[in-house]
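> here is my input, please return the structure:
(chains A and B)
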Amino acid sequence: MIRSALDIGRIRAQFPILQRTVNAKPLVYFDSGATSQKPDAVINAMNEYYRLRNANIHRGVHTLSQEITALYESARDTVRDHLNATNSREIIFTAGTTASVNMVADTFGKEIFPSGGSVVVSEMEHHSNILPWQKMVKEKKGKLLVIPVTERGEMDMNVYEQLLEKSPSFVAVTHVSNTLGTVNPLKEMIRMAHAKNIPVLVDGAQAVPHMKVDVRDLDADFYCFSAHKAYGPTGVGVLYGKEAWLEKLPNYQVGGGTIKTVSFERTEYAELPLRFEAGTPNIEGGIGMKAALDWMNGIGCMAIEAHEQELMEYATQQLEKLPGIRILGNAPQKAGVISLIMEGIHPYDAGMILDKLGIAVRTGHHCTQPLMSRFGIQGTVRISFGVYNTFSEVDALVEGLGKVQKMLS
Amino acid sequence: MSIAATEKDLLDEFELLGNDWEARYEHIISMGKDMPPLRDEEKKEEFLIKGCQSRVWLLSEFRNGKVFFKADSDAAIPKGIVAMMVRLLSGNTPDEIVNAPLNVVNSIGLKEHLSPTRANGLVSMIKQMKLDALAYKAKV
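Here you go, the predicted structure:
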């Protein structure tokens, strides 16, 4: 087998948590899909913020405020470059993917979305990319149009094409499925929607940690992700929006930071992106996110992707050899996760026993209950990867699953 | 048998197994296997102890001043844990059940099942069993 060029030992050494034990066993962390671990570069940047740089941004004339404003705004530039956005006005800092989707659904729903209109989502969406749209169409007496998922775990493109014929007002789909690992043919899907002038929002929460994302190449109208799944801190994320779209959206939350001038008679709002960033933001989060993206770029997104693809391939091969275990989701293009169904074994039991062996996996429905219904199952055991995972950890998992089967037979 | 006596039995059983987590889990799983399964028509939504991962059904009835429980689960470890609780509490008076301190839960090393975020953790099982007992107590 070809091993990637990355020195994973050197990478692992940068993650303090990977040196610890769980239940007296070395920690094997296969739950990066829920949240990734953080390297020293991120931890140190946030530590340094509180020790040496803490001040509020944008309004102070004093040195600390000036310094931190410059650093925070440079984080925006880092995100812009990372996503290949046209300019920094298109990068809005939010609390995370869920907050980003809610922001678009709420503002788009307010003035642009027509009464009785429809939104196209897919059967493989995370609840965070269903509920805001469900709430919005309910208010507008409209409906959700759902792209079904095929047996292999891919979106049914024929049905998608038919749904676009129904003149929906919006398409909201995930880049990578958090349960199946499917990488969706977004560029084609967006092209098809744009041919009918329908804007597309992409939930990129499970894509940004694993691959190079280029919003201009995709031609996405909106793209959302969370920092904490991409080696950064929790509570901060991004809404990318094409400038023309963001200009059209009405205000979301208003308050400090969103204005130019205020009087009791009349308020003039700030320009993009500040108009959408009310209140003191998660400053340390923004700085941690910048450190995380810089760290990823230091390794190289292509190198991260290559390593994880090799791991996924190896894990798939090893897991397929095990009797009584089936992989849910066999799309030709997958990233980040492998979901398992174990014959006669509840995912919860498997997760509890693996935990005793120091192996952290996710069990259950992964906040994709419609997808679970689609496959008629209660849940899966989900193995999700980070760049720090190794081939020997996959071996430990395979051995652990053997023990699960033995104990529960 | 009194709750205290069954607690003592359980403690002795787990002590025999030593500190080996595998043996302890296997014992819990076997208790689940030994518990008669519920009939399909008994596995109703209304008997579910709410949780997001595994499903645990708990039924109770009141006969001759005593509460009798039966239970089932679609997962083996929760089934074993609920079987243990049924063994511990079933056949006692509502007062005895409501007042049982249940120290045994900590003593046999099931702490990880006590977390409120663990679906169908022991806490919600115990709470439901005590609530059932309380309801019968009101009827006495």
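
> can you pull the buried residues of the helix or strand encompassing B:K70?
Assigned by DSSP states H and E, B:K70 falls within strand B:66-73. Buried positions in strand B:66-73, judged by neighbour count with 16 or more other C-beta atoms under 10 Å in any protein chain shown: B:K66, B:V67, B:F69, B:K70, B:A71, B:D72, B:S73. From N, CA and C alone the C-beta is placed, and that goes for glycine too.

> please, which helix or strand holds the spatially most central residue of chain B?
Centroid check for chain B by C-alpha atoms, centre = their mean gives B:M85 as the closest residue, at 2.3 Å. Per DSSP H and E, B:M85 falls inside helix B:76-89.

> over to A:L239?
Judged by DSSP H and E, A:L239 forms part of strand A:237-241.

> pLDDT on the helix or strand hosting A:L371, on average?
Counting by DSSP H and E, the element that carries A:L371 is helix A:369-375. Model confidence over helix A:369-375, given as mean pLDDT, is 95.

> what's the answer for stretch B:78-91, then?
94.

> could you find the closest non-adjacent residue to the residue nearest to the centre of chain B?
In this structure, B:M85 finds its nearest non-sequential neighbour in B:M125, 5.5 Å apart by C-beta to C-beta, 6 or more residues apart in numbering or on different chains.

> mind listing what's buried in stretch B:86-99?
Buried, per 16+ other C-beta under 10 Å, within stretch B:86-99: B:V86, B:R87, B:L88, B:L89, B:S90, B:G91, B:N92, B:T93, B:P94, B:E96, B:I97, B:V98.

> could you measure the third one against A:G402, distance?
As defined by C-beta to C-beta, to the nearest Å, B:L88 lies at a distance of 33 Å from A:G402.

> then the fourth one?
Counting by C-beta to C-beta, the separation of B:L89 from A:G402 is 36 Å.

> and stretch A:235-250, what's buried?
For stretch A:235-250, the neighbour count (16+ other C-beta under 10 Å) marks A:G235, A:V236, A:G237, A:V238, A:L239, A:Y240, A:G241, A:K242, A:W245, A:L246, A:L249 as buried.

> over to stretch A:269-277?
Going by neighbour count (16+ other C-beta under 10 Å), the buried part of stretch A:269-277 is A:L272, A:P273, A:L274, A:R275, A:F276, A:E277.

> okay, how far is it across that stretch, tip to tip?
Using C-alpha to C-alpha, to the nearest Å, one end of stretch A:269-277 lies 11 Å from the other.

> average pLDDT for it?
95.

> need the residues that contact that stretch.
A:58, A:76, A:88-93, A:103, A:239, A:243, A:246-247, A:249, A:251-252, A:254, A:257-260 (C-beta atoms under 8 Å, 6 or more residues apart in numbering or on different chains).

> selecting buried members of those residues in PyMOL, what would you type?
Buried subset of those, written as a PyMOL selection, criterion 16+ other C-beta under 10 Å:
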select buried, chain A and resi 58+76+88+89+90+91+92+93+103+239+246+249+252+257+258
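
> just checking, which of the contacts of stretch A:269-277 belong to strands?
Among the contacts of stretch A:269-277, the residues falling in strands (DSSP state E) are A:I91, A:I92, A:F93, A:L239, A:I259, A:K260.

> closest to chain A out of the buried residues of strand B:66-73?
The closest of those to chain A turns out to be B:S73 (C-beta to the nearest C-beta; 8.2 Å).

> nearest residue to the closest one in space, please, no chain neighbours.
B:K79 (3.8 Å).

> residue contacts, that neighbour?
By C-beta under 8 Å, 6+ apart, B:K79 lies in contact with B:I29, B:G32, B:K33, B:M35, B:V56, B:A71, B:D72, B:S73.

> contacts only, for A:L293.
A:T78, A:V79, A:H82, A:A230, A:G232.

> most neighbours of all the residues you listed, which one?
Each of these was scored for neighbours by other C-beta atoms under 10 Å in any protein chain shown, and A:G232 scores highest at 32 neighbours.

> so what's the gap between stretch A:269-283 and the chain middle?
From the chain centre to the centre of stretch A:269-283 is a distance of 22 Å (C-alpha atoms, centre = their mean, to the nearest Å).

> end-to-end on it?
The stretch stretch A:269-283 measures 21 Å between its terminal residues, going by C-alpha to C-alpha.

> longest helix in chain B, by residue count?
Longest helix in chain B, counting residues (DSSP state H): helix B:122-139.

> can you give me the offset of that helix from its chain's centre?
When C-alpha coordinates are averaged (C-alpha atoms, centre = their mean), helix B:122-139 and its chain have centres 11 Å apart.

> which residue does the stretch 151-300 of chain A bring closest to chain B?
A:T179 (14.7 Å).

> where does that residue fall, secondary structure wise?
With DSSP H and E as criterion, A:T179 is part of no helix or strand.

> list the contacts of it.
Counted by C-beta under 8 Å, 6+ apart, A:T179 has contacts A:M124, A:L328, A:G329, A:V337, A:S339, A:H366, A:T368, A:L371, A:T380, A:R382.

> give me the subset of these lying in strands.
Assigned to strands by DSSP E, the following of those qualify: A:L328, A:V337, A:S339, A:T380, A:R382.

> phi and psi next, for A:N47.
Per-residue torsions, A:N47: phi -60, psi -50 (degrees, to the nearest 10).

> please read the previous query as pertaining to A:I17.
Here A:I17 shows phi and psi, under degrees, to the nearest 10, equal to phi -70, psi -30.

> what's the answer for the one 3 residues further on, then?
Phi and psi for A:R20, reported as degrees, to the nearest 10, are phi -90, psi 170.

> wait, what's in contact with it?
So A:R20 contacts A:L27 (C-beta under 8 Å, 6+ apart).

> measure it to chain B for me?
Distance of A:R20 to chain B, computed by C-beta to the nearest C-beta, to the nearest Å: 17 Å.

> what's in contact with the helix or strand of chain B with the lowest mean pLDDT?
Counting by mean pLDDT, DSSP states H and E, chain B has its least confident helix or strand at helix B:104-107, which shows a mean of 78. Helix B:104-107 has contacts (C-beta under 8 Å, 6+ apart) with B:E7, B:L10, B:L11, B:F14, B:L88, B:L114, B:L122, B:I126.

> also stretch A:398-407?
Under the criterion C-beta under 8 Å, 6+ apart, residues A:318-319, A:322, A:324-325, A:340, A:342, A:345, A:349-350, A:353-354, A:357, A:359, B:22, B:25-26, B:29 lie in contact with stretch A:398-407.

> in PyMOL, how would I select the buried members of those?
Only the buried entries of the contacts of stretch A:398-407 go into this PyMOL selection, using 16+ other C-beta under 10 Å:
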select buried, (chain A and resi 318+319+325+340+342+345+349+350+353+354+357+359) or (chain B and resi 25+26+29)
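
> the contacts of stretch A:398-407 in helices, which ones?
Short answer: these in helices (DSSP H) are A:Q318, A:L319, A:D349, A:A350, A:I353, A:L354, B:E22, B:Y25, B:E26, B:I29.
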